[in-house]
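# Next input, structure requested:
(2 chains)
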There are 2 protein chains.
Amino acid sequence: MSVALQNESITDLDRYMVDLGHAARAAAAELAYAKPQHKNRALLAIAAILDQRRDFILQENSKDLEAASKNRISDAMLERLELSPARIDAMIEGLQQVASLSDPVGEISELRYRPSGIQVGKMRVPLGVIGIIYESRPNVTIDAAALCLKSGNASILRGGKEALHSNQAIYQCIHQGLKQADLAEHAVQVINTTDREAVSQMLKMHDCIDVIIPRGGKSLIERIAGESIIPVIKHLDGVCHVYIDDQADRQKALDIAVNAKTRRYGVCNAMETLLVAEAIADQIMPEFIERMSAAGVELRGCERCQKYDNVRINSATEEDWVTEYLAPILSIRIVDGLAQAIEHINGYGSHHTDAIVSEDYSRTREFTRRVDSSSVMVNASTGFADGFEYGLGAEIGISTDKLHARGPVGLEGLTSQKYVVFGDGNVRS
Amino acid sequence: MSVALQNESITDLDRYMVDLGHAARAAAAELAYAKPQHKNRALLAIAAILDQRRDFILQENSKDLEAASKNRISDAMLERLELSPARIDAMIEGLQQVASLSDPVGEISELRYRPSGIQVGKMRVPLGVIGIIYESRPNVTIDAAALCLKSGNASILRGGKEALHSNQAIYQCIHQGLKQADLAEHAVQVINTTDREAVSQMLKMHDCIDVIIPRGGKSLIERIAGESIIPVIKHLDGVCHVYIDDQADRQKALDIAVNAKTRRYGVCNAMETLLVAEAIADQIMPEFIERMSAAGVELRGCERCQKYDNVRINSATEEDWVTEYLAPILSIRIVDGLAQAIEHINGYGSHHTDAIVSEDYSRTREFTRRVDSSSVMVNASTGFADGFEYGLGAEIGISTDKLHARGPVGLEGLTSQKYVVFGDGNVRS
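Residues are numbered from 1 along each chain as shown, chains lettered A, B, ... in the order given. Take a look at the predicted model:
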């Protein structure tokens, strides 16, 4: 490609992105005031169109799958990229489920009279325009679009380059649904270029985008957080811990630790490090080692830990304490007690989800206060850290940030609150 | 200064800032778990020491005032810089008042059982380390330190260069109070250099500072927001509107409009533009013009507006609609009705505080929903937009951002919420 042509194409991209941003801003103003039933009508229309256009979607998806096979992408990525009739069913159910949730927008809370006579409360409002950047799963296009639409936000979606045909096919259905429901047709926009520069442009469009939500691997998220001048709601890694206190109920401790590790390995709320108080280690370790072996989990432990089984427990390094395995591997450390457990979690952990197993009142209180993580649990498996389990009705991700949204982010996390004041001619003296 | 010396001094600053950051981070961990009575004891100790060391503080302040006079700074800035016995009284009362507020940290809300049997709620926790950058008022040192301390956050404060002696004197009192109460002595730190580079360093210390709050003029805040890689809670300008609807009660409308403009001119919640529905303008304009004239307020109006008095109403330009006068100047525009008023406010305003005066049910509902400002009011003066009037007990500023905190920011705005989960051995299936 000649230099002249390349410049031409950059200019086109600039124009394309600016148009996208302005269209989103205009749609956001309309969407913020759209009635709940209007937004729900659009969600259900999109669901119906997805159902009608199954063949088209699968056909476009097969183009992506073919190209991916030629490019020899990994089986795991192929699995994420593939749309099946069951996955289309799940997208349709997702839309119906989001439509059935309460509308968060306009909700007024804490409306109280003040001594001056004014009544002050908070009204929940959309954030405006949300930019979502994700990787190979095309179903994220529907999930993200649905949650943004329901929460009254316009969205600009940028999926993985390997899913371009699938995402554009889904986008056609979304667009058709918005038109059918007579809702702002630019309420959802899916970027139709695989040019990486489009992402860099997005991250600079602070006039047109209010928040960026990256979804994907750690390297994607770190790149975006480092480059974006727009606030980012992000999820880095989930190095989750279970601490078994010496005042733990032995059976609860074993059940929780086994569940937190083996329920699913590839999820961010899986336990990656088990901490056991020295005084209870004799009662826990032998059975726990058996159960992990039976499940095929590789164990890496501290010195004190290896005494229980230096064949099946490999030696853990410093690196292990900070690693999110997302695999059947577990690091184990025997600690003196609560203080060392908290120090370990706050020092090595990722502030995602951490649990204590203990029957001791003061220690559970101290753990919940001192552990600086988005979810802190007592006598429950870290596997519960999830928007649906928490009753949010839906989840766009789990935030490991502190500002704005922490932990599972549902519809509320996509809104903020403004103050409303109701008076009767009140003036301030 | 030689190049070698300059490099030396930059290295010193680097080291100083890094030490400050690490000390703050360590103090934050202690402070997050400090008991309410412990933090209050520190606040009251600082108050007592300020009272004992009045002479010292005034003496140090006089050094700043002398230097300022020599540098011929404006009278307004001198006024802000000056500490009087009354201002020291106000600082002491401020500390006592913050001590008397409820402690927000550790508060658990929305603790509900889920179908799985776990109980899920939210616990309020400090943000960590807060960096505050402000201008010439030395009393901000106490206000900011007190609010951060009470909300369990460590703080790094950077005041104006012209207030260095005053701020360091106040800092001595704070430091002494923290030691006396045996609380983390680096819970509050005041930067003791006037080097502008210290601010640039602060804005990069994302490992050690969780949020930056700039307090001061628009240019300071814009510079900081543009440079900071740490999230910023900021307040830009307050171009506030009152819209008098044709269904307004005439007397309420006049009282609110006059109060919103004339209560105080230099505050961010003062009305800067009045919008009047054409159908009620005849009933409003003559008396309103009289009252503004009596108060000495310069009027700048649209064409339709000038028909009421083309002598006392100057012609408004586009620039007027976006200007925060902070002075006895008011722009007035006669609009067709509600739709044009909302369009004007969302288009020209600063999303700070805007009010409608109307007795019409549907219009007041539409206004509160559609106006995209941090405070939206019905039949009340914009002058009420204030943390104390809203019952926050204290205020560190008014945020015109959307993410995290919007409107007056009190203790709650300096905290976030983590999830807490209480179980009884629950595992996820």
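# Confirm for me that A:Tyr142 is in contact with A:Leu95.
You called it Tyr, but residue A:142 is Ile. Yes: in this structure, A:Ile142 is within contact of A:Leu95 by CB atoms under 8 Å, at 6.6 Å. In short, each C-beta sits where N, CA and C put it, glycine included.
# quick one: the helices in the stretch 301-429 of chain A?
With DSSP state H, counting those that start in this stretch as the definition, the stretch 301-429 of chain A shows helices at residue ranges A:303-306, A:318-321, A:338-348, A:361-370.
# Residues of the stretch 201-350 of chain A that sit close to chain B?
For the stretch 201-350 of chain A, the residues in contact with chain B (CB under 8 Å from any CB of the partner chain) are A:210-211, A:231, A:249, A:251-252, A:255-256, A:258-260, A:263, A:346.
# 7 Å - rerun?
A:Asp210, A:Val211, A:Pro231, A:Asp249, A:Lys252, A:Asp255, A:Ile256, A:Asn259, A:Arg263 (CB under 7 Å from any CB of the partner chain).
# where do the helices sit along the stretch 1-150 of chain A?
Listed in chain order, the helices of the stretch 1-150 of chain A (DSSP H, counting those that start in this stretch) span residues A:3-32, A:36-52, A:54-70, A:75-81, A:85-100, A:139-150.
# which one of the ones you listed lies closest to B:Asp372?
Smallest distance to B:Asp372 across the helices of the stretch 1-150 of chain A (CB to CB): 7.2 Å, for helix A:3-32.
# now the closest one against helix B:361-370, angle please.
140 degrees (axes from the mean of the first three to the mean of the last three CA atoms, to 10 degrees).
# ok, back up a step: of the helices of the stretch 1-150 of chain A, flag the one that's most buried.
Each of those was assessed for mean neighbour count using mean count of other CB atoms under 10 Å in any protein chain shown. The highest is helix A:139-150, with a mean of 26.
# Do you have the strands of the stretch 251-400 of chain A handy? List them.
Read by DSSP state E, counting those that start in this stretch, the stretch 251-400 of chain A holds these strands, from start to end of the chain: A:271-277, A:298-301, A:313-315, A:329-335, A:353-357, A:375-380, A:397-399.
# Out of the helices of the stretch 1-150 of chain A, flag the one nearest A:Val322.
Among the helices of the stretch 1-150 of chain A, helix A:75-81 comes nearest to A:Val322, with 23.2 Å by CB to CB.
# Average pLDDT for stretch A:57-73, rounded please.
Taken as a whole, stretch A:57-73 has an average pLDDT of 95.
# just stretch A:366-384 next, same as before
What stretch A:366-384 shows for mean pLDDT is 97.
# Return the residues in contact with A:Ile396.
Neighbouring residues of A:Ile396 by CB atoms under 7 Å, 6 or more residues apart in numbering or on different chains: A:Ala144, A:Leu147, A:Ile213, A:Val409, A:Leu414.
# Same question for A:Phe422.
Under the criterion of CB under 7 Å, 6+ apart, the neighbours of A:Phe422 are A:Gln119, B:Val378.
# Is it bridged to anything, and to what?
Counting by DSSP bridges, A:Phe422 is bridged to A:Gln119, B:Val378.
# how close does it sit to B:Ala47?
The spacing between A:Phe422 and B:Ala47, counted by CB to CB, to the nearest Å, is 37 Å.
# can you check A:Asp182 too?
Distance of A:Asp182 to B:Ala47, given as CB to CB: 61 Å.
# same question, A:Met205
According to CB to CB, A:Met205 stands 48 Å off from B:Ala47.
# go on, A:Trp321?
Plainly put, A:Trp321 is 44 Å away from B:Ala47 if you go by CB to CB.
# go on, A:Leu81?
Remark: distance between A:Leu81 and B:Ala47 (CB to CB) = 63 Å.
# try A:Arg223
With distances taken as CB to CB, A:Arg223 is found 48 Å from B:Ala47.
# got it, and A:Gln306?
Shown here: A:Gln306 relative to B:Ala47, a distance of 55 Å by CB to CB.
# same question, A:His22
A:His22 sits 53 Å away from B:Ala47, going by CB to CB.
# could you give the angle of the lowest-mean-pLDDT helix or strand in chain A to helix A:139-150?
Scoring the helices and strands of chain A by mean pLDDT, DSSP states H and E places helix A:3-32 at the bottom, with a mean of 82. Relative orientation of helix A:3-32 with respect to helix A:139-150: 40 degrees, computed using the same axes, to 10 degrees.
# where's helix A:3-32 relative to the chain centroid, distance-wise?
Centroid separation for helix A:3-32 versus its chain: 27 Å, with CA atoms, centre = their mean, to the nearest Å.
# Also stretch A:127-142?
When C-alpha coordinates are averaged (CA atoms, centre = their mean), stretch A:127-142 and its chain have centres 11 Å apart.
# and it, how far apart are its ends?
Here the two ends of stretch A:127-142 are set 19 Å apart, with distance taken as CA to CA, to the nearest Å.
# Need the mean per-residue confidence for it.
When pLDDT is averaged along stretch A:127-142, the result is 94.
# Same check on stretch A:399-407?
Per-residue pLDDT values over stretch A:399-407 give a mean of 90.
# How about it, which residues are buried there?
Judged by neighbour count (16 or more other CB atoms under 10 Å in any protein chain shown), stretch A:399-407 contains these buried residues: A:Ser399, A:Thr400, A:Asp401, A:Lys402, A:Leu403, A:His404, A:Ala405, A:Arg406, A:Gly407.
# Next, the contact list for the third one, please.
With contacts defined as CB under 7 Å, 6+ apart, A:Asp401 is in contact with A:Ile233, A:Lys234.
# remind me which residues of chain A are low pLDDT?
Judged by pLDDT under 70, chain A has its weakly predicted residues at A:1-10.
# on that earlier part again, who wins for neighbours among the residues of the stretch 201-350 of chain A next to chain B?
With neighbours taken as other CB atoms under 10 Å in any protein chain shown, the top of those is A:Ile256, carrying 29 neighbours.
# what's around the residue lying closest to it once chain neighbours are set aside, how many residues?
Leaving aside its chain neighbours, A:Ile256 sits nearest to A:Ser381 (5.0 Å; criterion: CB to CB, 6 or more residues apart in numbering or on different chains). Other residues near A:Ser381 come to 32 when the count uses other CB under 10 Å.
# mind giving me a markdown table with the strands of the stretch 251-400 of chain A and columns for distance to B:Arg87?
Putting the strands of the stretch 251-400 of chain A into a markdown table (distance: least, CB to CB, whole Å) gives the following:
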| stretch | distance to B:Arg87 |
| --- | --- |
| strand A:271-277 | 52 |
| strand A:298-301 | 61 |
| strand A:313-315 | 63 |
| strand A:329-335 | 51 |
| strand A:353-357 | 46 |
| strand A:375-380 | 43 |
| strand A:397-399 | 41 |
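# closest to A:Glu110 out of these?
With CB to CB as the measure, strand A:397-399 is the member of the strands of the stretch 251-400 of chain A nearest A:Glu110 (23.3 Å).
# partners of that closest one in the sheet?
Using DSSP bridges, the strands paired with strand A:397-399 are strand A:407-409 (antiparallel).
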